[in-house]
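S.K.: With the sequence up front, the predicted model follows.
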Amino acid sequence: MKQQDKIYWIVLEPYVHVSFTGNEVFVYNTLDGSFIESGSKSIIELLHSITESPQGLVSRTGFFLEEETMKDFILQLRNKFMGDIIDTRLSQGSPIQLLPILNLQNSAERLKNDDERTVGENVFTHLHELLIFLDNPDTFPTKYYPTTLKGRIEEYPQINTGLNFPKIKKLLDQLPPAKKDLTVNFLMKDLLEYRDLDELISLLEKIPVKKKFSFHYTNSKIEAQTSQIMKADICLNMYIDFPVCENQLQSITKVLVQLSIKHECVFLIASDEDFQSAEDMITKYAIARYSFVPVYTGDNADFFKRNIFLSKEDILSQPVSMREIFIHQSLNVENFGKLALLPSGEMYADIFSKKLGSTSEYSLLELLYKAMDSNDSWFNIRSYAPCSHCNYQWLCPSPSSYERLLNRNNLCEIDNK
Ligand code: SF4
């Protein structure tokens with residue numbers, strides 16, 4: 001029998017991600033990261049038919065293999081273990097091919113369609129970080145917390161006295177008992193300047209969540225509160241910008257190590273020189289727990305382009321799993337499950353988004369539901385241009401606050417609009 005007279009099933013493996021953007025199709029093996037990009041009309045048409053078919057496959061007579069581009073594509077598909085062609089005479093009926101579809105267990109739409117009680121219970125399981133600003137974010141030095149820059153949507157209500165303790169207590173009292181997977185992170189200008197520090201630490205002792213105090217390394221003399229901090233199991237996050245005052249850094253890290261207080265050094269990196277200096281400090285002072293946070297200062301866009309912007313090679317260097325792709329299609333990985341409380345009592349999903357409401361008006365449960373109901377932060381995904389017409393739309397990380405700060409819709413070298 002001639003090849004043209006044969007009939008073939010054309011199938012894709014269930015771990016293959018296909019995306020159609022503009023005049024191209026992108027076929028991606030989520031297991032090993034291999035891929036095929038094609039602008040051929042017949043290949044695009046074939047893949048459209050396969051992905052739209054309920055069985056996840058189509059049949060074609062052998063004529064379709066006469067086209068060189070198609071033949072080469074099928075060869076690549078087989079070599080990269082992404083699909084196959086099967087002679088229909090060799091199978092009884094069509095092969096069963098289950099193409100993956102987006103069906104996250106607790107996806108937003110499913111939750112929103114449930115009755116109110118179920119929604120509430122589920123929403124609490126999603127909450128995993130509460131960021132509590134004891135001082136207004138825009139009173140912090142720009143490099144410490146870069147919220148004074150363009151990119152913010154709203155002006156924060158100014159409360160000069162900082163967040164009062166009753167507002168914090170009211171909020172934390174609403175947490176379900178034993179919410180151990182939650183981190184409560186208190187951001188403050190100065191650890192000892194917070195007037196209700198003793199009450200706050202006593203409250204935190206009774207709450208079984210992960211606790212952090214975040215402050216600038218120059219603004220702390222922790223000896224006075226040592227025993228309470230240890231008893232409440234609070235981790236101290238010290239923000240370090242450059243140039244570093246080495247004496248202060250050395251003395252505070254020495255005290256923390258001597259007293260065995262949990263701490264982490266968070267280096268705020270605004271240039272290549274900052275990064276080099278941070279590495280030198282880590283070695284010199286044997287800093288055990290540290291992290292680097294790139295900061296946009298308003299005049300270091302070149303540093304960002306060189307070090308933060310993704311290239312095609314970066315995006316395709318590691319396999320992105322089907323689960324990660326589905327998550328990128330449904331929610332913002334950076335923001336999901338986080339809430340930020342400002343000293344005014346206003347709650348935000350993140351401080352670059354619109355406010356959700358005030359804790360004096362709404363319960364924590366209602367504020368969580370508002371975050372679930374908005375597409376602004378938790379569900380801010382790459383559904384807009386230029387990402388919506390890019391092959392790597394769902395491979396790329398979720399949109400971040402850096403895009404807001406840089407006033408851009410993407411963070412890559414691929415489509416620099
Ligand atoms: S950031 Fe957007 S435009 Fe850039 S590679 Fe990712 S999806 Fe494409």
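M.R.: Perfect, I can see it now.
S.K.: Thr359: neighbour count?
M.R.: 21 (other C-beta atoms under 10 Å). (C-beta placed from N, C-alpha, C; glycine too.)
S.K.: ok, it - contacts?
M.R.: Neighbouring residues of Thr359 by C-beta atoms under 8 Å, 6 or more residues apart in numbering: Lys167, Lys170, Leu171, Leu341, Gly345, Glu346, Met347, Leu367.
S.K.: Recalculate using a threshold of 10 Å.
M.R.: 167-168, 170-171, 174, 341-342, 344-347, 366-367 (C-beta atoms under 10 Å, 6 or more residues apart in numbering).
S.K.: Near the ligand, which residues of the stretch 201-350 of the chain are found?
M.R.: The stretch 201-350 of the chain has residues Ile315 near the ligand, with proximity defined as C-beta under 6 Å from any ligand atom.
S.K.: any chance you could map the helices in the stretch 201-350 of the chain?
M.R.: Assigned by DSSP state H, counting those that start in this stretch, the stretch 201-350 of the chain shows helices spanning 226-231, 246-258, 272-284, 301-307, 312-316, 322-330.
S.K.: and those, which is most packed in?
M.R.: Ranked by mean neighbour count, those are led by helix 322-330 with a mean of 17 (mean count of other C-beta atoms under 10 Å).
S.K.: and that one, what's its mean pLDDT?
M.R.: The pLDDT scores in helix 322-330 average 94.
S.K.: ok, now stretch 192-199?
M.R.: Per-region confidence: stretch 192-199 scores 81 on mean pLDDT.
S.K.: buried set for that stretch?
M.R.: Buried residues in stretch 192-199, counting neighbours by 16 or more other C-beta atoms under 10 Å, are found at Tyr194, Asp196, Leu197.
S.K.: what's the last one in contact with, if anything?
M.R.: With contacts defined as C-beta under 10 Å, 6+ apart, the neighbours of Leu197 are Leu134, Phe165, Phe186, Met188, Leu191, Phe213, Ala224, Gln225, Gln228, Ile229.
S.K.: ok and the residue in the stretch 1-150 of the chain nearest the ligand?
M.R.: Thr21 (8.9 Å; C-beta to the nearest ligand atom).
S.K.: leaving aside the residues next to it on the chain, what's closest to that residue?
M.R.: The shortest distance from Thr21 to any non-neighbouring residue, by C-beta to C-beta, 6 or more residues apart in numbering, is to His389 (4.9 Å).
S.K.: Verify the stated contact: the one you found with Glu24.
M.R.: Yes - the pair His389 / Glu24 is scored as a contact, 9.3 Å apart, by C-beta atoms under 10 Å.
S.K.: and Trp9, what helix or strand is that in?
M.R.: strand 7-12 (DSSP states H and E).
S.K.: That strand packs against which elements?
M.R.: Using 3 or more C-beta pairs under 10 Å, 6 or more residues apart in numbering; DSSP states H and E, the elements in contact with strand 7-12 are helix 41-52, strand 57-61, helix 68-79, strand 83-87.
S.K.: Turn those into a markdown table, columns for distance to Ser358 and mean neighbour count.
M.R.: What follows is the helices and strands packed on strand 7-12, written out as a markdown table (distance: least, C-beta to C-beta, whole Å; neighbours: other C-beta atoms under 10 Å):
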| stretch | distance to Ser358 | mean neighbour count |
| --- | --- | --- |
| helix 41-52 | 46 | 16 |
| strand 57-61 | 54 | 17 |
| helix 68-79 | 55 | 15 |
| strand 83-87 | 54 | 18 |
